[in-house]
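Participant: Fold the following for me, if possible:
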Amino acid sequence: MHLGANVRVTKMGIGITLGLLCLLYFYMHRGPSYSSIDNRDVVSMKALLAGAIKAAEMGGIEVVSVHSNIHALNLASKGKTKEGVNDPVTAADYRSHCAMYQALINAFPKITVISEELSVGCDKVDTPDLKETLKNSGQLDVGYDSPVNANDITVWIDPLDATKEFTENLVQYVTTLVCVAVKGEPVMGIIHKPFSKETYWAWLNHGVSTNLNVPKPKKGRTPVLIVSRSHAGGVHNVSKAKFGDDVQIISAAGSGYKSLEVAVGNATAYLHITAIKKWDICAGAAIISSLGGQMTPLYSPPPIQFGATDPTFLSTGLLATMCDHQWYMQKLNLAGI
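Facilitator: Alright, predicted model coming up:
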């Protein structure tokens, strides 16, 4: 009799344990409830990823809309870069900023959002509510959710990367960028190509978009360096001197575009030897890191910090690779650049 009682208790205990495990599994893999999304002090990272993807795509819609109406371009200049290149700004930059910035701030009012542009004419831009997007964030294939204190989150956005090329109708280089940093570390990157309607995203240690599921690059490949067409700053001469005549050099525009070319294996390294803005590189840094690569400064110790109080410029250049990172750093012989 006593033995049977013990067996019954054991079966009951097993049943309770299994039930609790099922509940825990369901909790960890469920999409965030609206109450968790609406908690302004604690942010559902899964919801933030869904909102960031949608914001990048909304910005892209504004970019394409302005491009289709040349009379609405309103081309102006913010001045000259350190290399003496004109730094243009258009109505597309401002309209994309308004859509992206307002959507994110309205949905997550206690996070910090840093944008390349200012809120100019935002009263004329429709900002769709992200509520339904956030409710459906459970559809993202990223596993469990991770709640994070809003004060630890900084979102960097570039409403129109490669503005100069946008005005020259070189739209293949144009992207909209969103990056989520937690305590200064870039953990989510979204790069949207508005003219081909392709969106690439990654969340560190959680998942990546299917178009980033590409074979890992082989180590020891002949260097294929991708560099800026507008801000080369002598990088062509440096590359030939450090890697020899066999090195291939691709000139391209837009940090988002160049980061993607490294991420998908079309280039072995993204090299930039002059100052660069952090909203240009944050999304690429998050994607490359999520895929197992590295983006580091050239002239200062890593990592690159993307916190709310960190400088918005990286003055020390950068190198991004998917493999052989230290080999590239040694070849560049930093002291001699």
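Participant: By mean pLDDT, flag the weakest helix or strand of the chain.
Facilitator: Lowest on mean pLDDT, DSSP states H and E among the helices and strands of the chain sits helix 34-37, with a mean of 45.
Participant: list the buried ones in whichever helix or strand comes after that helix?
Facilitator: Using DSSP states H and E, the helix or strand that follows helix 34-37 in sequence is strand 42-44. By neighbour count with 16 or more other Cβ atoms under 10 Å, strand 42-44 contains the buried residues 43, 44. Yep, even glycine has a C-beta here, placed from its N, CA and C like the rest.
Participant: Enumerate every residue touching residue 96.
Facilitator: For residue 96, the contacting residues are 59, 60, 62, 63, 117, 159, 160, 176, by Cβ atoms under 8 Å, 6 or more residues apart in numbering.
Participant: Local confidence estimate at it?
Facilitator: Among the per-residue scores, residue 96 holds a pLDDT of 96.
Participant: now do the one 10 residues further on
Facilitator: At residue 106, the model reports a pLDDT of 94.
Participant: element containing it, please.
Facilitator: Going by DSSP H and E, residue 106 is in helix 91-107.
Participant: Over to residue 279?
Facilitator: Here residue 279, judged by DSSP H and E, is contained in helix 278-290.
Participant: and if you look at residue 265?
Facilitator: Short version, using DSSP H and E: residue 265 is in no helix or strand.
Participant: Against residue 189, how distant is residue 202?
Facilitator: For residue 202, the distance to residue 189 (Cβ to Cβ, to the nearest Å) stands at 5 Å.
Participant: Show me which of those two is the more surrounded one.
Facilitator: Set residue 202 next to residue 189 and count neighbours by other Cβ atoms under 10 Å: residue 189 wins out with 33 against 26.
Participant: Residue 293: neighbouring residues, count only.
Facilitator: When counting by other Cβ under 10 Å, one arrives at 22 neighbours for residue 293.
Participant: Apologies, that question was intended for residue 249.
Facilitator: Neighbour count for residue 249, taken as other Cβ under 10 Å: 17.
Participant: so it bridges to which residues?
Facilitator: Beta-bridge partners recorded for residue 249 (DSSP bridges): residue 225.
Participant: Pretty sure it sits against residue 222.
Facilitator: No: the criterion here is Cβ atoms under 8 Å, and residue 249 misses it with residue 222 at 11.8 Å.
Participant: mind listing what residue 307 touches?
Facilitator: Applying Cβ under 8 Å, 6+ apart to residue 307 gives the contacts 154, 181, 183, 184.
Participant: Please state the mean pLDDT value computed over stretch 135-151.
Facilitator: For stretch 135-151, mean pLDDT is 92.
Participant: do the same with stretch 294-305
Facilitator: For stretch 294-305, mean pLDDT rounds to 94.
Participant: And for stretch 73-81?
Facilitator: 61.
Participant: Any stretches of the stretch 1-150 of the chain with poor pLDDT?
Facilitator: Scanning the stretch 1-150 of the chain for pLDDT under 70 picks out 1-39, 70-72, 75, 77-87.
Participant: That one: helices as residue ranges?
Facilitator: 2-29, 34-37, 45-67, 91-107, 131-135 (DSSP state H, counting those that start in this stretch).
Participant: Using neighbour counts, pick out the buried residues of the fourth one.
Facilitator: Buried residues in helix 91-107, defined by neighbour count with 16+ other Cβ under 10 Å: 91-105, 107.
Participant: For it, what is the distance to the chain centroid?
Facilitator: For helix 91-107, the separation from the chain centroid amounts to 16 Å (computed by Cα atoms, centre = their mean, to the nearest Å).
Participant: what pLDDT does residue 260 get?
Facilitator: On pLDDT, residue 260 comes in at 98.
Participant: which residues touch it?
Facilitator: Residue 260 sits next to 175, 191, 200, 284, 287 when contact means Cβ under 8 Å, 6+ apart.
Participant: and the gap between residue 166 and residue 157?
Facilitator: In terms of Cβ to Cβ, residue 166 sits 16 Å off from residue 157.
Participant: ignore the last one, residue 49
Facilitator: Distance from residue 49 to residue 157, by Cβ to Cβ: 14 Å.
Participant: Check residue 55 too.
Facilitator: Taken as Cβ to Cβ, the span from residue 55 to residue 157 is 7 Å.
Participant: Checking residue 239 next. Helix, strand or coil?
Facilitator: helix (DSSP: H, G, I helix; E, B strand; the rest coil).
Participant: That one and residue 224, how far apart?
Facilitator: From residue 239 to residue 224 the distance is 10 Å (Cβ to Cβ).
Participant: These two - which one has more neighbours?
Facilitator: Per other Cβ under 10 Å, whichever of residue 239 and residue 224 has more neighbours is residue 239, with 22 against 17.
Participant: quick one, what contacts residue 100?
Facilitator: Residues in contact with residue 100, defined by Cβ under 8 Å, 6+ apart, are 55, 56, 58, 59, 115, 157, 159, 176, 178.
Participant: a markdown table for the residues you listed, including neighbour count and distance to residue 228?
Facilitator: Formatted as a markdown table, the contacts of residue 100 follow (neighbours: other Cβ atoms under 10 Å; distance: Cβ to Cβ, whole Å):
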| residue | neighbour count | distance to residue 228 |
| --- | --- | --- |
| 55 | 30 | 26 |
| 56 | 30 | 22 |
| 58 | 26 | 27 |
| 59 | 30 | 22 |
| 115 | 20 | 21 |
| 157 | 26 | 20 |
| 159 | 29 | 19 |
| 176 | 31 | 19 |
| 178 | 33 | 21 |
